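# coordinates for the following, if possible.
(chains A, B, C and D)
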Number of protein chains: 2
Amino acid sequence: MGLLNKRALVRQLQKSGIASRAVLARSLGMSQPTAGKIVDELIADNILEEVDAVEAGDGNGNGATRLGRPGRQLQLNRSQPGFLGIHLGIQETSLAELPLGDADEDRWRHSFRNPATKSQPVAQWEAELREAAKKLDSKKFLGVLLSVPGIVDEPANKILFSPNIHWSEGQDLPAVIRRVWNLPALVVQEERVVALGHHFNNPEDENFLLVDFGEGVGGAAIVGGKPFASPLPISGELGHTPALGNHRRCGCGATGCVETLVSTRGLIESFSAAHPKSKKTWAALGDHIAATGLEPWLTQSLDAAAVAICAALNVLGLRQVVITGSLAELPPAVLDYVSRSVQNGAMWARFGSIECVGAPRCRAAGLVAIGIDRLVVPETGDELDSKLKLSRGETSRAKPSKLNPATASKNEIYIS
Amino acid sequence: MGLLNKRALVRQLQKSGIASRAVLARSLGMSQPTAGKIVDELIADNILEEVDAVEAGDGNGNGATRLGRPGRQLQLNRSQPGFLGIHLGIQETSLAELPLGDADEDRWRHSFRNPATKSQPVAQWEAELREAAKKLDSKKFLGVLLSVPGIVDEPANKILFSPNIHWSEGQDLPAVIRRVWNLPALVVQEERVVALGHHFNNPEDENFLLVDFGEGVGGAAIVGGKPFASPLPISGELGHTPALGNHRRCGCGATGCVETLVSTRGLIESFSAAHPKSKKTWAALGDHIAATGLEPWLTQSLDAAAVAICAALNVLGLRQVVITGSLAELPPAVLDYVSRSVQNGAMWARFGSIECVGAPRCRAAGLVAIGIDRLVVPETGDELDSKLKLSRGETSRAKPSKLNPATASKNEIYIS
DNA sequence: TCATTTAATTAAGAAAACTACGAAACTCCC
DNA sequence: GGGAGTTTCGTAGTTTTCTTAATTAAATGA
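Numbers count the residues shown, from 1 in each chain, chains lettered A, B, ... in the order given. As a prediction, this is how the structure comes out:
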């Protein structure tokens, strides 16, 4: 079946959650027989399932009974295991079984502390992984997805740089995962996961910049419903925008990165510099802000963050900012200030409106989206083929001389 | 014929300049019959032409005589008029006849001063245009391409904002052009034209950020060989990144934009503030820098520009900066300083190297590339159809319900 | 001159889309 | 309850587009 249409159909279903063959055909502009055939195939592959549920209020506003033969509703298969998601946090690693049709909140079932010892951290991590594997309900997944903070070379499946989880740098963690489960495994950059998760949990947001505050400050853009990516493994790194006049050393090796001002660590540092007598904790910082409002040391840091955000908005041509992470834990005045500061600096504010909203991190939805995109209906080749290839540890690079680009690139639309 | 392969073939020929059917087929991974058929069609449409020229050194290093039947070399048609390019400058408007296969330097044949009167500037511009039309060798073009500085809504063919050519704002200049020539007319943002021009004159540069210094400071990114674009009409606007500590008012309505520091006007302003006795001219500024080197007022401004460039590189995931315009006219120390400053701030410098090069503005090549992309082998529909539609002033939006996305989006790869 | 090599064209076939038609399933209305 | 109207879904046949295989063409080199 045409790869493009297959991808488009799956994607549409990811967004709409539930739909009939006819609705899919209409919304994608393809003919009914085509949609029907693709659906048949996807059901045979256990990716889609028919659901008997009555269609209550089908989103078009007409919740009333409709004329004609009712369509058989379809959704991404929820009764099957789907993917195994692994989130590599700074302190601990979490695991979750992710059914394909899971747009819900994150439910991380199992977790363990990351290796602390300097010797053999990867072997220790592997051992913990094996322990965790025993506790899982299922062993059969379509693949394993590893979300990692830092800089990730996704095509090569390698972790390049992770200032907060140094032991993972340069490691081939997917290979470790494959030793444990013998399944295709992918590494994905955390911010991209979160951004995609937000997109699929809020399908109406098709163009936005997600900014995640935490130990670091990262970003990822969704442009035209697709995650923005460039050939370089870095992108969306707005935490490492230099801030004029800032001379703090950053973990990345440079001096003056915005991240050194508005990461949790950076904010606490500034806070304790301004108030040496206060406790140097995140909670104390929050309490202080709630009590005294926004003091200059804070607004200056927030302005620096806003500059980086504005720069990104102006360059990418976006008007919506989604903010996740620690900044949303502080009193709302903080987010308000950033929002106003972005309004002042972003160019589109002169022509229209800028939106700046807080949101939770939706890693599960993002991981599923990436898994579907790269394992279930991958850009090139048959899914089974590529599964095998990946599980054998081969790169999934297509032979350019053999493949006709017209075939290879029917995959368009979801370049990822 | 499949639109994707047609586009791919034309694009390949744009890059390689000259190639035979067999070479094209091989390099694009399609079969020889397919390439042959597409070439036949393109020749019939007068877009390609066969050229008898012997193939001297075909780029593969083997300039020696090769075995076998020699391929019939093809190139974009140079014997036909191609496009009419119009460049809307700040002071004057220039015209050039652009053959399709033109990768040469810009040759603007005719130009006239822009309307100065406040009354009826558009009508006056139209009159000048009619005058200029008489001087042209040909009246038959595939279309007219208007390059405009400022903010342009390219899909809607409208000029939204142009701080330096206020009379053009909100005007439908393509309609004016159509009244004069009765041909399809497109407005394109100047920086995007220049970036595409650089890309096609240097096909090895597939990922870069072009930064153009002049009355304003604009940017445009080429990512994966394609101009980056978002749904919003702004993008690449790195001149309007706020610079912390800068309080100059910008023409865009905001305060503190980098552009107010490093545009020609901004630099002269800073120069005259630091040296009140000097002449307030660009030449005097250049002489002064050549004589005394980089003074603090200048390095601070350049640092601000570097921050904006770094922010863009980090967010877009790029490692090459192409600088055009007035900054390249100053002593080389200036570009060197910016280059070093970018090295310090751009994140990729921690992993690899950052490149920062000056280059001339290649508007002609960029306009031709855009014209080919949007008029000769447009993404959707037949070229003739869309030509007619455009010349009738209709939008060339495809009917989504009618077109099969598999057909519509075989256009992949060259999303533009 | 003839074998070898490469280019371009022709012919036949496969993939994937479409249109057209008909059966199935439901509502509405008499 | 039963026909008319609607909508869904599947089947059959057609079209488009690209492929492979075979053929013809044009050059080199012994």
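
# residues in contact with residue A:181?
Neighbour list for residue A:181: A:84, A:133, A:139, A:141, A:144 [criterion: C-beta atoms under 8 Å, 6 or more residues apart in numbering or on different chains]. For the C-beta atoms, the positions are set from N, CA and C on the backbone; glycine is no exception.

# same check on residue A:157?
Each residue near residue A:157 by C-beta under 8 Å, 6+ apart is listed here: A:172, A:174, A:185, A:186, A:187.

# please redo it, this time with the cut-off set to 7 Å
A:174, A:186, A:187 (C-beta atoms under 7 Å, 6 or more residues apart in numbering or on different chains).

# ok, and what's touching the helix or strand containing the last one?
So the one you mean is residue A:187. Secondary-structure element containing residue A:187, defined by DSSP states H and E: strand A:185-189. For strand A:185-189, the external contacting residues (C-beta under 7 Å, 6+ apart) are A:143-148, A:152, A:154, A:157, A:159, A:173-174, A:177-178, A:370, A:374.

# nearest to residue B:293, of those residues?
residue A:152 (42.6 Å; C-beta to C-beta).

# doesn't residue A:375 make contact with residue A:10?
No. Residue A:10 is not in contact with residue A:375 according to C-beta atoms under 7 Å; the separation is 11.5 Å.

# re earlier: starting at the chain centroid, how far to the strand holding residue A:187?
Between the centre of strand A:185-189 and the centre of its host chain there is 11 Å, according to C-alpha atoms, centre = their mean, to the nearest Å.

# who touches residue A:124 in this structure?
Contacts were defined as C-beta under 7 Å, 6+ apart; by that measure residue A:124 touches A:115, A:117.

# need the next SSE after the helix or strand harbouring it, C-terminal direction.
Secondary-structure element containing residue A:124, defined by DSSP H and E: helix A:121-135. Once the chain leaves helix A:121-135, the next helix or strand it forms, by DSSP H and E, is strand A:143-148.

# related to what we said a few turns ago, from the contacts of strand A:185-189, list the buried ones, please.
A:143-148, A:152, A:154, A:157, A:159, A:173-174, A:177-178, A:370, A:374 (16 or more other C-beta atoms under 10 Å in any protein chain shown).

# closest one to DNA strand C out of those, please.
For those, the residue nearest DNA strand C by C-beta to the nearest atom of the strand is residue A:374; the value is 19.3 Å.

# could you find the closest non-adjacent residue to the closest one?
residue A:186 (6.0 Å; C-beta to C-beta, 6 or more residues apart in numbering or on different chains).

# what bridges to the one you found?
Partner residues in beta bridges with residue A:186: residue A:145, with DSSP bridges as the criterion.

# gap between it and residue A:83?
Summarising the geometry, the distance separating residue A:186 from residue A:83, computed by C-beta to C-beta, to the nearest Å, is 9 Å.

# mind checking which of these two has more residues around it?
Legend: neighbour count by other C-beta atoms under 10 Å in any protein chain shown for residue A:186 and residue A:83, higher for residue A:83 (27 against 22).
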